[in-house]
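>>> how would this look folded up:
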Amino acid sequence: MEEIVTRIEIGENVERRAYKQELHRSLGLWENISLVVSAVTPATGAFIIAPVLFTLTGTGAPLTFVIAAAMGLALAFCWAELGCAYPIAGGDYTFVARILGRPAGFVSLILSGPVQAVLIPAVVALGIGQYVGVIFNVNTNILAAVIILLGAAVAIWGVRLSAIAVGALLAIELLAVVFVGALGLFHVQRPISTLFQPLITNPDGTTQTLTIGALVAGIAVASFAYNGFQGALLYSEETTGSRRNVARSVFIALGVAVACEVLPVAMAILASPSLADLSASPNAWQYFLTSIGGDTFNTIISLGIAIAVLNAVVALMPFFARILYSSGRDMAWPAPMSKALASVHPRWGTPWVSTIVVGVAGAVLVLFTDVATLSTCVGAVLCVEFILVAASAIVSRLKDKTTDRPYRMPLWPAAPIVAIVMSVVVLTQQTSSDLLVAGGIVVISLAYYLVYLRPRRRTHMLMLDPVRPIEALTQRRHRPNADVND
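Residues are numbered from 1 along each chain as shown. Presented below is the predicted three-dimensional model:
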C-alpha cells in the first residue's frame, strides 16, 4: 500500500477514476492496531459501560459481555473480508453503498459517521469525570468538553503522532484494566458458578433472576463497549504493507477488547463484598476499589483509569474524522460543505476540518447529557449498522464474483447470518424511545438521499474505485479479462 494512483488504464483505453492519495501513508501494522485498540478503549468498556450493565443485568454483566463478544466475532469476519476488499478511509458506508446501493450506503454513513462521531466520544469523555472527581472537585460536563477538544487538537497534528500518543497511553490503560482484574482475583468471595446464575438487585434491595429479555437488552450496551475494533478499515489508506493487515488488526483489536473487559467485570462480581451495593452504587468501581483497598488505593487507581479513558478520546478523534473526510470526498453533502470536510492539512496530512467538526460537536453535546442515556441510544443505532454490514457480507459474495479478496471468511455465510439474527433479536428488546431514535435517523437519512442526493447522483455521492497498491494494479493491468473494478 505504498502509493495510490489517481487514474488507471485497463484493457483497451478503459479509464477509471480512483481516489487520490492525500492522507499520509505512515502507519505500520502495530501503529494501526494501537489506534484501533485505543478507539475500542477497553477501559471505557470496563469502567464506564460496565457500571451501566451492573444496573441493567446485575451479576449477568460478564455473561452479557461474552454473548456480545460472540456477535462481535461474527461481525469481525464480515469487516475483515470487506475491509480488505474495499480499503477506503470511510469505513462501513464505502462498501455498503457499493454492495447494497447508495441509499443504504448513505444510511450507513449517517449511522457510523455523524451520529457515532458525536455520541461515542461524548460517552467516553463524560465517564472520565467520575474518576477525576475522586481527586478533586470538577464539573464533569465541562471537563469532558475540554478533553474532547484536546483529543481533536492531537488528531490534527498527525495520525502518526496520534498513534504514538495513544500507544504510550494504551500501556497505562491496559495495565489499569489488568491490575483491577488481578485485584479481584486475589479477593474472590464467591464461586465462579455465580456468573452463570445471574441475579439482578431491585431498588428495595431484593434480588430476582435475570430475565432473558433483560439479558438480551443488555447485549446492545455490551456491543457498544466493543465497538471500534473495525477501525482498522478507517486507516487503510494510511497503513503500509499488505491489505491483509486490515483483517489482522480487526481480529487482534477484538481479542484485546474481550479479554480486557470480561476479566475485570467478572472479578468485580466475584470479589465485591456486596453485590447489592455494587449495583446500587453511583460509581460501581469506586465502591469496589474502596471496599477492597481503601480510599487512598481508590484514588491511585482512579487516576490510572482517568488516564486510560483520556487515551480513548484521543484515539476516537482521528477515527471518526476519517469517516467525515471520506463523506466530503464522495460529495455526500452540498459542495461547500463537502469541500471543507475533504480538506487535508498541507503540512500534517490530516483531515483537519473534519476533525474540528467532530471535536466541536462532541464538546457541545457533553454539556447537556449523561452517560446512561447515550449508552442505550448508541446500542440501538449500532444494531442497525451491524445488520447493514452483515447483509453486505452476504450480498457481496453473491453479487460480485470478481473482486479481489485478500481475506475470505471461513464457513461463509454463517458469520453474517449469525450477526443479523443476533442484531434483530437485540433490537426487539430495546426501549421504544431508543428504537424511535434509531428509526428516526434511518428515515431522515433516506429522505435526504431521495430529496437531495438522488437527483444529483452524477455529481454527488461519488463512489470512486477503491484504493489499491500500485504493484497490484500493475499486475491486473496485464491480466486477461481483468475487471475494471477489481
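>>> how about residue 339, what does it touch?
Applying C-beta atoms under 8 Å, 6 or more residues apart in numbering to residue 339 gives the contacts residue 328. C-betas here are computed from N, CA, C, even on glycine.
>>> got the phi/psi numbers for residue 208?
For residue 208, the backbone dihedrals are phi -150, psi 160 (criterion: degrees, to the nearest 10).
>>> wait, doesn't it sit right on residue 199?
Yes. Contact criterion C-beta atoms under 8 Å: residue 208 and residue 199 qualify, at 6.8 Å.
>>> Mind checking which of these two has more residues around it?
Ranked by neighbour count (other C-beta atoms under 10 Å), residue 208 and residue 199 place residue 199 first, with 17 against 11.
>>> for that one, phi and psi?
According to degrees, to the nearest 10, residue 199 has phi -120, psi 150.
>>> Over to residue 431?
phi -70, psi 150.
>>> Quick check: the spatially most central residue of the chain vs residue 28, distance?
Geometric centre of the chain, nearest residue: residue 228, 2.2 Å, by C-alpha atoms, centre = their mean. From residue 228 across to residue 28, the span is 19 Å (C-beta to C-beta, to the nearest Å).
>>> what do you get for residue 437?
For residue 437, the distance to residue 28 - C-beta to C-beta - is 39 Å.
>>> Just say helix, strand or coil for residue 436.
helix (DSSP: H, G, I helix; E, B strand; the rest coil).
>>> brain fart, residue 141
helix.
>>> what bits of the stretch 101-250 of the chain have low per-residue confidence?
Within the stretch 101-250 of the chain, the segments meeting pLDDT under 70 span 158-167.
>>> ranges for the strands of it?
For the stretch 101-250 of the chain, strands defined by DSSP state E, counting those that start in this stretch occupy the ranges 199-201, 207-209.
>>> hmm, back to that, isn't the residue nearest to the centre of the chain right up against residue 35?
No. The pair residue 228 / residue 35 is not scored as a contact, 9.8 Å apart, by C-beta under 8 Å.
>>> any low-confidence regions in the stretch 251-400 of the chain?
Along the stretch 251-400 of the chain, the parts satisfying pLDDT under 70 run over 371-376.
>>> Which parts of it are helices?
Assigned by DSSP state H, counting those that start in this stretch, the stretch 251-400 of the chain shows helices spanning 275-280, 284-329, 335-341, 352-365, 371-399.
>>> What residues of the last one count as buried?
This means helix 371-399. 371, 374-397 (16 or more other C-beta atoms under 10 Å).
>>> which residues touch the helix or strand just after that helix?
Per DSSP states H and E, the first helix or strand lying C-terminal to helix 371-399 is helix 414-428. Residues outside helix 414-428 that contact it (C-beta under 8 Å, 6+ apart): 70-71, 73-75, 77-78, 216-217, 219-220, 223, 379-380, 383-384, 386-387, 389-391, 393-394, 409, 435, 438.
>>> re the thing from before, what about the helices of the stretch 251-400 of the chain, which gets the closest to residue 115?
The closest of these to residue 115 is helix 371-399. By C-beta to C-beta, the value is 5.8 Å.
>>> what about the helices in the stretch 51-200 of the chain?
Counting by DSSP H, counting those that start in this stretch, the stretch 51-200 of the chain has these helices, from start to end: 61-85, 92-100, 102-110, 116-132, 140-157, 159-185.
>>> The ones you listed: which one's closest to residue 444?
helix 102-110 (7.8 Å).
>>> circling back: next up, the contacts around the residue nearest to the centre of the chain.
Counted by C-beta under 8 Å, 6+ apart, residue 228 has contacts 36, 39, 40, 41, 120, 253, 257, 316, 319.
>>> from the residues you listed, which two are the most distant?
Checking the contacts of residue 228 with C-beta to C-beta, the most distant pair is 120 and 253, at 15.3 Å.
>>> Quick check: residue 260 touching residue 44?
No. Contact between residue 260 and residue 44 fails when scored by C-beta under 8 Å: they sit 10.5 Å apart.
>>> neighbour-wise, which of the two wins?
Ranked by neighbour count (other C-beta under 10 Å), residue 260 and residue 44 place residue 44 first, with 33 against 24.
>>> ok, the more buried one touching residue 224?
No. Using C-beta under 8 Å, residue 44 is not in contact with residue 224; the gap is 9.2 Å.
>>> Check the contact lists of these two and give me the overlap.
Joint contacts of residue 44 and residue 224 (C-beta under 8 Å, 6+ apart) are residue 123.
>>> Is it correct that residue 184 is in contact with residue 270?
Yes. Contact criterion C-beta under 8 Å: residue 184 and residue 270 qualify, at 6.4 Å.
>>> Which neighbours do residue 228 and residue 35 have in common?
Common contacts of residue 228 and residue 35 (C-beta under 8 Å, 6+ apart): residue 319.
>>> Find the residue closest to residue 97 in space, skipping its chain neighbours.
The shortest distance from residue 97 to any residue other than its chain neighbours is 2.3 Å, reached at residue 105 (C-beta to C-beta, 6 or more residues apart in numbering).
>>> OK, contacts around that neighbour?
93, 94, 96, 97, 98, 461, 463 are the contacts of residue 105 under C-beta under 8 Å, 6+ apart.
>>> Relative to residue 230, how far out is the residue nearest to residue 87 when sequence neighbours are not counted?
Counting by C-beta to C-beta, 6+ apart, residue 236 is the residue found nearest to residue 87 once chain neighbours are left out, at 3.7 Å. From residue 236 across to residue 230, the span is 11 Å (C-beta to C-beta).
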